[in-house]
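In: Generate coordinates for the sequence data below:
(one chain, ligands or ions: 1)
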Amino acid sequence: MTTPILSTHALTGGYGDFQALFGIDLHLDKGEVISLIGANGAGKSTFLKSIFGLLPVAPDMVRFEGTPVGGTPAHQMVRKGISMVPEGRRLFTGMTVEENMRVAIDNARMSEAEGPWSRDRLFQLFPILKEKRRQPIENLSGGQQQMVAISRALLCQPKVLLCDEISLGLAPKVIREIYAVLPEISAAGTSIVLVEQDVSLAREASHRLYCMLEGRITLAGASHDISREAIAAAYFGAA
Ligand SMILES: Nc1ncnc2c1ncn2[C@@H]1O[C@H](COP(=O)(O)OP(=O)(O)OP(=O)(O)O)[C@@H](O)[C@H]1O
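Out: Here you go, the predicted structure:
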């Protein structure tokens with residue numbers, strides 16, 4: 001059996017005294033896209049933040065290429081090869097599109113030349129960003145801003161990309177545009193974890209799917225093999 005690029009082991013976590021996650025076991029193989037679905041408050045964002053070093057976890061709860069990395073600060077995670085597109089995008093107003101794209105690599109003291117993703121390649125992936133590259137970020141639509149957030153993460157040349165609800169608040173046409181680039185991203189060598197509220201979208205875009213309910217994984221399997229009934233039961237906690 002090959003070592004997963006990313007795995008979590010009985011991962012627990014939360015906020016101070018409040019426990020939100022209760023022993024999450026999950027793995028992501030090289031070249032895979034997996035999705036994590038679940039109702040509001042199930043713990044999906046908390047889980048991504050725990051992987052990415054934004055919430056405290058024990059070292060062995062997160063392994064990257066087999067090595068314990070749990071609790072490593074986010075900027076060091078980026079250098080190791082994990083990037084995150086956070087919920088709500090978290091872009092910097094008052095900065096241009098291009099400045100926003102560069103901010104994470106500058107912060108992690110990385111260079112664009114370290115991997116497959118250069119600004120030019122990202123402008124091929126999202127041509128509208130080339131046109132708008134010198135504009136302040138606040139002039140862009142929500143979908144275009146999401147493209148910047150994805151580009152910012154990719155410029156760090158991640159082996160693993162964590163995406164937290166990248167479709168949230170966007171029109172269906174824009175969501176399709178953004179999801180259409182995911183195969184190209186994974187073909188370039190980046191494995192992807194998608195947190196997604198839209199179950200159909202999650203199934204279509206991923207090889208495997210995990211469902212989370214109240215801080216626990218209630219279902220895992222190949223996206224196209226899991227029935228809608230099984231997903232509904234796992235999602236809502238029906239017996
Ligand atoms: N900063 C915080 N402080 C305390 N509790 C929090 C905080 N953020 C989230 N929680 C709680 O942790 C639990 C999991 O929340 P989380 O945001 O991870 O869920 P989610 O599945 O990502 O939901 P959503 O789809 O609404 O983003 C919820 O009970 C939530 O109220």
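In: Helix or strand next in line after the helix or strand of the chain with the lowest mean pLDDT, which one?
Out: When the helices and strands of the chain are scored by mean pLDDT, DSSP states H and E, helix 97-107 comes last with a mean of 81. Where DSSP states H and E defines the elements, the next helix or strand beyond helix 97-107 is helix 119-125.
In: Helix or strand: which one has L162?
Out: Assigned by DSSP H and E, L162 falls in strand 160-164.
In: Stretch 18-37: which residues count as buried?
Out: 20-21, 24, 26-30, 32-37 (16 or more other CB atoms under 10 Å). (C-beta placed from N, C-alpha, C; glycine too.)
In: same question but for stretch 44-56, I mixed them up
Out: In stretch 44-56, the ones that count as buried by 16+ other CB under 10 Å are 44-55.
In: what about the strands in the protein?
Out: 6-15, 18-28, 33-37, 62-64, 67-68, 82-85, 160-164, 191-195, 208-213, 216-222 (DSSP state E).
In: Could you tell me which residues of the chain lie near the ligand?
Out: Listed as neighbours of the ligand in the chain under the rule CB under 6 Å from any ligand atom: 15, 18, 20, 38, 40-46, 197.
In: Recalculate using a threshold of 5 Å.
Out: 15, 20, 40-46 (CB under 5 Å from any ligand atom).
In: between the residues you listed, which is nearest D164?
Out: S45 (5.6 Å; CB to CB).
In: The lengthiest helix in the chain vs strand 160-164, what angle?
Out: Assignment by DSSP state H gives helix 142-154 as the longest helix of the chain. Counting by axes from the mean of the first three to the mean of the last three CA atoms, to 10 degrees, helix 142-154 points 150 degrees away from the direction of strand 160-164.
In: follow-up on the earlier one: quick check: the two most widely separated of the buried residues of stretch 18-37?
Out: So, the buried residues of stretch 18-37 by CB to CB: farthest apart are A20 and K30, at 28.6 Å.
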